[in-house]
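Visitor: Sequence isn't available, so here's the structure alone:
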């Protein structure tokens, strides 16, 4: 039972770390995309609005993207149920990537307002502590993977791996 519990918490930690990694990577990408799009006046207008609204209203700005993106995730589940696995994965991936990127961008714009609410600041601190816990939980596994990747690089492969690679190349050439 203890092993099952540990596996459960490791999975939760890994998902949390993956979400945080995506959040960190997608936010800057969305910022660049927004900079390329001819919506600068819209962005400036949104920044002006955010500067004038109360913190609770800044929080309400997250509702429209969620109302659009969450039904897409439900549609992905429906596609899975109908046996359209690849379409379901595609819809879910697009909703996830667009959603995380958009929410990261929106959070950047509203961070100061949101953190001015005590309960939000406490929740944010709790999430950051949870992320530290998750990274610590996943760290040994990441280190093992990193060491295996390091060992499997072409210049470091043992004779066995070089021999195995040659056999695979011969099999591909013969097939």
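Guide: Looks like it arrived, so ask away. All figures in this text were calculated on a predicted structure; none of them were measured in a lab.

Visitor: What separation is there between residue 81 and residue 88?
Guide: Residue 81 is 8 Å from residue 88, where distance means Cβ to Cβ, to the nearest Å. For glycine as for every other residue, the C-beta is placed from the backbone atoms N, C-alpha and C.

Visitor: The two: which is more packed in?
Guide: For the pair residue 81 and residue 88, the greater number of neighbours falls to residue 88 (19 against 9), based on other Cβ atoms under 10 Å.

Visitor: For the more buried one, give me its contacts.
Guide: Counting by Cβ atoms under 8 Å, 6 or more residues apart in numbering, residue 88 touches 76-80.

Visitor: Going by distance to residue 114, which of these wins?
Guide: residue 76 (28.5 Å; Cβ to Cβ).

Visitor: Now for the closest one: which residues touch it?
Guide: The contact partners of residue 76, taken as Cβ under 8 Å, 6+ apart, are 88-89, 91-92, 95.

Visitor: Tell me the pLDDT of it.
Guide: Listed pLDDT for residue 76 reads 94.

Visitor: Report the distance from the host helix or strand of it to the chain centre.
Guide: Here residue 76, judged by DSSP states H and E, is contained in helix 63-81. Taking Cα atoms, centre = their mean, to the nearest Å, one finds the center of helix 63-81 at 17 Å from the center of the full chain.

Visitor: quick one: buried residues of it?
Guide: Residues of helix 63-81 classed as buried under the neighbour-count rule (16 or more other Cβ atoms under 10 Å) are 69, 76, 79.

Visitor: Where does pLDDT dip in this structure?
Guide: Under the criterion of pLDDT under 70, the regions of the chain flagged as low confidence span 34, 150-161, 175.

Visitor: where do the helices sit along it?
Guide: Chain-ordered helices for the chain, with DSSP state H as the definition, fall at 2-36, 40-52, 55-60, 63-81, 85-115, 118-152, 159-174.

Visitor: what angle do the last one and helix 118-152 make?
Guide: Using axes from the mean of the first three to the mean of the last three Cα atoms, to 10 degrees, the interaxial angle of helix 159-174 with respect to helix 118-152 works out to 80 degrees.

Visitor: what sits against the spatially most central residue of the chain?
Guide: Note on the chain: the residue nearest the mean C-alpha position is residue 22, at 2.6 Å, using Cα atoms, centre = their mean. Contacts for residue 22 were tallied using Cβ under 8 Å, 6+ apart; they are 96-97, 100.
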